[in-house]
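[1] structure, please.
(chains A and B)
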Amino acid sequence: MTFKPFLWVLLALLIYNCKEHETYLYKIEGKEISITDSLQSDSKINDFIKPYRNHVTKDLDSVLAYAVDTYSKSDGDFNTAIGNFMADAVYEQANPIFKARTGHDIDLVLLNHGGIRSIISKGNITTRTAFELMPFENSLVVVALKGIQIDSLIMYLSKRKKAHPISKLNLVIDKDYHIVSATIKNKKVDAGKTYYVATNDYLYNGGDNMTFFKPNDSLYNLDYKIRNVLIDYFKKVDTISPVIDDRFIQIK
Amino acid sequence: MKRRDFIQQTSAGTALISLGGIGLSSFTTLGTKKITILHTNDVHSHIDPFGPEDGRNANKGGVARRASLIESIRKENPHTILLDAGDIFQGTPYFNYYGGELEFKLMSMLKYDAATIGNHDFDNGIDGLYAQLPHATFEFISANYDFSNTVMNSHVKPYKTFSKDGIKIGLFGLGIELQGLVDPLMFKETKYLDPIEITQDMTRILKTEEKCDLIICLSHLGYNYRNEASKISDLKLASLTKDIDLIIGGHTHTFLPKPTIVKNIVGKNILVNQVGCYGINLGKIDFYFDSDMNKAANGTSIFV
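    Presented below is the predicted three-dimensional model:
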C-alpha cells in the first residue's frame, strides 16, 4: 500500500481538473467618458426619438394665451406682477375644487418667490411657458391653520423682506418691518378661527424655512400640480396683464 | 471563507506538482479575461442633448450619442454589462408627456441589462412605474424594497447573475428610504429594508451560494452625506460591508474626478463610482481576470 499517498494526490488532481479553473481578479481600471458632440449620433435612435420629439415640441409651442407685457419676479419690492398672477391663478383654479370637496373656501394663498423659475415674456404664452415657470412637479395642498399660526406666517413674511406670492392676504409693514396691518379677505385675523391656506407640498414640508404649516388641524391634498394650474388658467383666459398692487406694501 | 482558502491552497500545490513533471494536469493558460461594466445614473428623462446655449451643460449628453459610444465599446469587448442606478424618470417634458415610455424603450434599444429603482421613478406613483414595465426589456433589481403588497410584486428581483466569458457576475440593487422623500400616496405599500442587513444577505448569497467571481451593488442610496453622519450612503455601505467589488451609485448627482477607492470592513479596496446626472457621462469599469494566480499575487491593482 505504498501507492496510497500517490493515489490521493492523483485523485485530488482529477477533482481539481473537473472543477472549473480558478480565475483571479488582478486588475481594475475605472474611468468616465463624457458624452459630447464629438461622438456620432446613432441614426436609428435619432429616428426613433423624432416623432416623440416632434409631438412634444408642437404641443409645448401651442399658444394658450397672450401676455401684454414682460413680467419678472425682480420687478417689485414686496409684491410683483408675476407673483400676484401666480397666487391669484392658484386661488381661482383651486378654490372651486376645494369648496366642492370640503364645503370651505380657501382663505389665502402663499407661494414662494424662489418658486417663480422664469419670466413671462411679452407676447404669446405657450405650454412651454408653464414648464419654464414651474419645471418642478409640486402640487397644491390646503392646510387648515389656526389664527395664531397665521400670525407666525405673517411674521415670517414681514421678516423675510421678500415678495413671496400671496393672494387674499393684505399686509402693510413700516420702515422697521413691523406689521402695521394684516387682513385676510379684508377682515382682521381672528386668533380662534381656522384658516384654509393653499400652498404647495414643498413649502408645506418646510421649504424656504416655512415652518409654520406644522402642526396643523388638517391637510388636504388637491392632487393638482402647480404647472397644470398655470396651463389650465392660461387656457381659460385670453390675455394676462397682472400688476403690482397694494397687497403687501411698506410705508416709509 | 475557510473553504475557499483551502481550495486556493490546493490549487497552488497542484500547480507546483504539475511543474514537477507529473504531467497529469491539463493546465493551459486561459489568458486574460476582461469584463466591462458600463453605467449611468440619474438620467432624468434627458433624451436630447443639452442645447448650445445651456448655461452649464452646453452640447453635452444625448441618448443617440450614448448609443454609438456603447456600441463601439461592445464591439471592442462583447463581455460588457450596461447598468443604470435609477432616477430614469422626471426632468424633461418627455416624461410629462409619455410617463417614461420613451425612456424605457430607448434603454431597451441600447440593450441595458438592468436598472435599480430611484425615488423619482415613483413620480407617477408605483402604478405609473408598473404601467411602463412592458416597454423595458431590461430587469429591475432591488433587494431592499419589499414590493410584495404592491403591483410591482414579482416584477423586481433582489439580485441577478450574469455569466460572461466564464466569469460569474452577481448584481444586487439598493434603493433610498422613501419616507420623507416620496409622497406615501406614490410608493404605497413599498417597504424599505435596512441596506446594511440586506447587503450582508446579498453578498453571502452571491459569494457563497452563487459563487460569483465579481459582486456589484447597484445603488440609489447617494454617494455621501457629510452633514448627516447617520444617513446610509455608498461610501458608508462600502466601509461597513465585505465582498462587494464595485458600488455603482446615484441619487446625489455626484460628479467625481475619478472612481473612489474605499477600504471595506475587512480592509480590502473596493470601488465606488457615480457619473453625475442627465446622461452627460458614461462610467466604464474594466475588470481583468487571469487563471495565472501569480498575476494576482500582490492583490488586485486598481487604476483610476
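
[2] can you name every helix or strand that the longest strand along chain A contacts?
    Longest strand of chain A, by residue count under DSSP state E: strand A:24-34. Helices and strands touching strand A:24-34, as assessed by 3 or more Cβ pairs under 8 Å, 6 or more residues apart in numbering or on different chains; DSSP states H and E, comprise strand B:269-273, strand B:281-290, strand B:301-303. To be clear about C-beta, it is placed using only N, CA and C from the backbone, and glycine gets the same treatment.

[3] list the contacts for A:Asp88?
    Residues counted as contacts of A:Asp88 (Cβ atoms under 8 Å, 6 or more residues apart in numbering or on different chains) are A:109, A:167, A:242.

[4] now do 6 Å
    Residues near A:Asp88 by Cβ atoms under 6 Å, 6 or more residues apart in numbering or on different chains: A:Ser167.

[5] I'd guess it is in a helix, am I close?
    Yes. Checked against DSSP: H, G, I helix; E, B strand; the rest coil, A:Asp88 lies within a helix.

[6] per-residue confidence for it?
    Note for A:Asp88: predicted pLDDT of 98.

[7] now it: how far from A:Ala94?
    Per Cβ to Cβ, to the nearest Å, A:Asp88 is found 11 Å from A:Ala94.

[8] picking up where we left off before, adding distance to chain A and mean neighbour count, write the helices and strands packed on strand A:24-34 out as a markdown table.
    Shown next, in a markdown table, are the helices and strands packed on strand A:24-34 (distance: least, Cβ to the nearest Cβ, whole Å; neighbours: other Cβ atoms under 10 Å in any protein chain shown):
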| stretch | distance to chain A | mean neighbour count |
| --- | --- | --- |
| strand B:269-273 | 6 | 23 |
| strand B:281-290 | 4 | 22 |
| strand B:301-303 | 5 | 14 |
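
[9] ends of stretch B:210-226, how far apart?
    35 Å (Cα to Cα, to the nearest Å).

[10] can you give me the end-to-end distance of stretch B:244-251?
    For stretch B:244-251, the end-to-end distance is 20 Å (Cα to Cα).

[11] how about it, does it get close to chain A?
    No. Against chain A, stretch B:244-251 shows no contacts by Cβ under 6 Å from any Cβ of the partner chain, the least distance being 7.2 Å.

[12] picking that back up, who does the longest strand of chain A pair up with?
    strand B:281-290 (antiparallel), strand B:301-303 (parallel) (DSSP bridges).

[13] got the ones you listed as JSON lines, with mean pLDDT columns?
    Putting these into JSON lines (pLDDT from 0 to 100) gives the following:
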{"stretch": "strand B:281-290", "mean pLDDT": "97"}
{"stretch": "strand B:301-303", "mean pLDDT": "93"}
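
[14] can you list those in JSON lines and add distance to B:Phe95?
    Formatted as JSON lines, the strands paired with strand A:24-34 follow (distance: least, Cβ to Cβ, whole Å):
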{"stretch": "strand B:281-290", "distance to B:Phe95": "20"}
{"stretch": "strand B:301-303", "distance to B:Phe95": "37"}
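
[15] let's have the helices and strands packed on strand A:24-34 in CSV, adding distance to B:Thr203.
    Formatted as CSV, the helices and strands packed on strand A:24-34 follow (distance: least, Cβ to Cβ, whole Å):
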stretch, distance to B:Thr203
strand B:269-273, 11
strand B:281-290, 17
strand B:301-303, 19
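
[16] what's the closest of these to A:Ile119?
    Evaluated over the helices and strands packed on strand A:24-34, closeness to A:Ile119 peaks at strand B:281-290, with 31.7 Å, by Cβ to Cβ.

[17] any idea how far that closest one is from the middle of the chain?
    12 Å (Cα atoms, centre = their mean, to the nearest Å).

[18] identify each buried residue in stretch B:107-123, please.
    B:107, B:110, B:112-123 (16 or more other Cβ atoms under 10 Å in any protein chain shown).

[19] what's the lowest-pLDDT member of those residues?
    B:Asp123 (90).

[20] that one contacts B:Gln90, doesn't it?
    Yes. Between B:Asp123 and B:Gln90 there is a contact under Cβ atoms under 6 Å: 4.8 Å.

[21] ok, residues contacting the helix or strand hosting B:Lys75?
    Assigned by DSSP states H and E, B:Lys75 belongs to helix B:63-76. For helix B:63-76, the external contacting residues (Cβ under 6 Å, 6+ apart) are A:35, A:39-42, A:45-46, B:47, B:80, B:106, B:110, B:279.

[22] cool, stretch B:272-286 as well?
    A:29-35, B:34, B:36-39, B:41-44, B:46, B:57, B:60-61, B:66, B:223, B:234, B:238, B:246-249, B:253-255, B:259-260, B:262.

[23] now intersect the residues you listed with the helices, please.
    B:66, B:234, B:238 (DSSP state H).

[24] closest one to B:Phe147 out of those, please.
    B:Asp234 (22.5 Å).

[25] before we move on, the earlier item: report the buried members of the contacts of stretch B:272-286.
    Going by neighbour count (16+ other Cβ under 10 Å), the contacts of stretch B:272-286 have A:29-30, A:32-33, A:35, B:34, B:36-39, B:41-44, B:46, B:57, B:60-61, B:66, B:223, B:234, B:238, B:246-249, B:253-254, B:259-260, B:262 buried.

[26] which of the helices or strands spans the one residue in the stretch 101-250 of chain B that gets nearest to chain A?
    Nearest to chain A, among the residues of the stretch 101-250 of chain B, is B:Leu102, at 5.2 Å (Cβ to the nearest Cβ). Using DSSP H and E, B:Leu102 maps to helix B:101-109.

[27] how about the residues of chain A by chain B?
    A:13, A:16-17, A:21-37, A:39-42, A:45-46, A:49, A:52, A:56.

[28] lowest average confidence across helices and strands of chain B, where is it?
    The weakest-scoring helix or strand in chain B, judged by mean pLDDT, DSSP states H and E, is helix B:2-19 (a mean of 39).

[29] of the contacts of helix B:63-76, grab the buried ones for ChimeraX.
    Filtering the contacts of helix B:63-76 down to the buried ones (16+ other Cβ under 10 Å) takes a single ChimeraX command:
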select /A:35,39,41,42,45,46 /B:47,80,106,110,279
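
[30] so which of the contacts of helix B:63-76 is the closest to B:Thr150?
    Among these, and counting by Cβ to Cβ, the member closest to B:Thr150 is B:Leu106, at 25.6 Å.

[31] residues contacting the closest one?
    B:Leu106 neighbours (Cβ under 6 Å, 6+ apart): B:Val63.

[32] 10 Å instead, please
    For B:Leu106, the contacting residues are A:45, A:48-49, A:52, B:43, B:47, B:63-64, B:66-67, B:88, B:94, B:112, B:135, by Cβ atoms under 10 Å, 6 or more residues apart in numbering or on different chains.

[33] save those residues as a markdown table, and put in distance to A:Leu133 too.
    Converted to a markdown table, these look like this (distance: Cβ to Cβ, whole Å):
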| residue | distance to A:Leu133 |
| --- | --- |
| A:Ile45 | 31 |
| A:Phe48 | 31 |
| A:Ile49 | 26 |
| A:Tyr52 | 23 |
| B:Val43 | 24 |
| B:Ile47 | 22 |
| B:Val63 | 27 |
| B:Ala64 | 29 |
| B:Arg66 | 30 |
| B:Ala67 | 33 |
| B:Ile88 | 25 |
| B:Tyr94 | 19 |
| B:Tyr112 | 34 |
| B:His135 | 30 |
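
[34] what is the nearest of those residues to A:His104?
    Lowest distance from A:His104 to the contacts of B:Leu106 (Cβ to Cβ) belongs to B:Tyr94, with 38.1 Å.

[35] for the closest one, give its distance to A:Ile125.
    22 Å.

[36] same check on A:Ser152?
    As judged by Cβ to Cβ, A:Ser152 and A:Ile125 stand 36 Å apart.

[37] more crowded one of these two?
    Higher neighbour count among A:Ser152 and A:Ile125: A:Ile125, with 23 against 14, using other Cβ atoms under 10 Å in any protein chain shown.

[38] good, wrapping up.
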